[in-house]
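Visitor: below are the sequence and a predicted model; questions follow.
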Amino acid sequence: MAKASQSVFYQRFAKAFPMLKAKLKQAGMEDKPEDFIKKTFFSAFYMTTGLVIFLFLILAKFNVLKGFMFLAIPIIFFIMFFYLIKLPDLMITIKTKEINREIIFVGRFIIIELESGVPLYNTMVNVSKNFDVLGRYFKEITDKIDLGTSVEDALNEAVELVPSDDFRKILWQIINSLRTGSNVAKSLYSVMEQITKDQITEVNKYGKKLNPLAM
């Protein structure tokens with residue numbers, strides 16, 4: 001009964017974070033929302049306990065207000081919990097940066113392959129073999145296709161797992177081209193131009209931020 005009530009508690013608590021399920025997928029974390037909440041809860045508890053004991057020993061040594069610690073315990077716990085609950089966001093940020101470092105090269109690679117007459121499936125297989133980061137995503141897509149999933153459905157499923165907005169734009173463009181029967185390579189041109197411009201803009205902004213620091 002106790003375990004069942006705990007499970008219900010974590011499931012209900014997870015509903016307070018409606019985007020958590022999607023974020024866990026994009027972060028590559030296989031936990032269910034309620035399991036992640038449970039792990040986070042206990043991690044915050046252990047970290048709070050360790051920190052409180054450490055601070056209590058210091059306060060005891062200097063004979064400072066030790067009773068203050070009992071008031072601080074719930075505050076410390078909630079700080080730890082909400083800090084740890086952001087772990088998927090951190091993982092998503094890291095993965096997005098990794099993807100964005102490859103995305104222009106992968107986009108151009110896809111366009112060149114398609115314009116050379118290579119079928120879309122074979123192009124995705126070649127991407128999976130030639131690129132480390134985005135190659136893993138395309139490997140998952142082609143594996144699903146090999147198991148009987150349609151190309152469009154496999155791409156749609158990948159969209160939900162992709163943490164990068166730019167990569168999502170590429171996948172959506174491919175999906176739209178397949179639905180309308182238009183040329184995939186030509187459709188990707190405009191998307192890649194926009195992604196390239198956005199990255200150049202970000203580099204310029206970063207450079208402007210660095211210049212005052214260098215001065």
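Guide: Arrived safely, thanks for sending.

Visitor: next up, the contacts around residue 176.
Guide: 182, 187 (CB atoms under 8 Å, 6 or more residues apart in numbering). Placement of C-beta: from N, CA and C, glycine included.

Visitor: in whichever strand or helix holds it, which residues are buried?
Guide: Residue 176 belongs to helix 165-180 when elements are defined using DSSP states H and E. The neighbour-count check on helix 165-180 (16 or more other CB atoms under 10 Å) flags 166, 167, 168, 169, 170, 171, 173, 174, 175, 177, 178 as buried.

Visitor: can you pull the contacts of the nearest residue to the first one once chain neighbours are set aside?
Guide: On the basis of CB to CB, 6 or more residues apart in numbering, the spatially nearest residue to residue 166 that is not a chain neighbour turns out to be residue 195, at 4.9 Å. Going by CB under 8 Å, 6+ apart, residue 195 touches 103, 104, 107, 166, 169, 170.

Visitor: could I get those residues as a markdown table with pLDDT?
Guide: Output for the contacts of residue 195, formatted as a markdown table (pLDDT from 0 to 100):
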| residue | pLDDT |
| --- | --- |
| 103 | 93 |
| 104 | 93 |
| 107 | 93 |
| 166 | 92 |
| 169 | 92 |
| 170 | 93 |
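
Visitor: pull the helix or strand with minimum mean pLDDT from the protein.
Guide: helix 2-14 (a mean of 72; mean pLDDT, DSSP states H and E).

Visitor: still on that earlier bit, pLDDT averaged over the helix or strand hosting the residue nearest to residue 166 - what is it?
Guide: Assigned by DSSP H and E, residue 195 belongs to helix 184-214. The pLDDT scores in helix 184-214 average 78.

Visitor: can you check what angle separates it from helix 165-180?
Guide: Angle of helix 184-214 versus helix 165-180, following axes from the mean of the first three to the mean of the last three CA atoms, to 10 degrees, is 170 degrees.

Visitor: can you list the buried residues in helix 184-214?
Guide: Within helix 184-214, the residues that count as buried by 16+ other CB under 10 Å are 184, 185, 187, 188, 191, 192, 195.

Visitor: any idea which residue sits dead centre in the protein?
Guide: residue 92 (2.5 Å; CA atoms, centre = their mean).

Visitor: check contacts around that one.
Guide: Residue 92 sits next to 23, 26, 27, 163 when contact means CB under 8 Å, 6+ apart.

Visitor: at 6 Å instead, please
Guide: By CB atoms under 6 Å, 6 or more residues apart in numbering, residue 92 lies in contact with 26, 27, 163.
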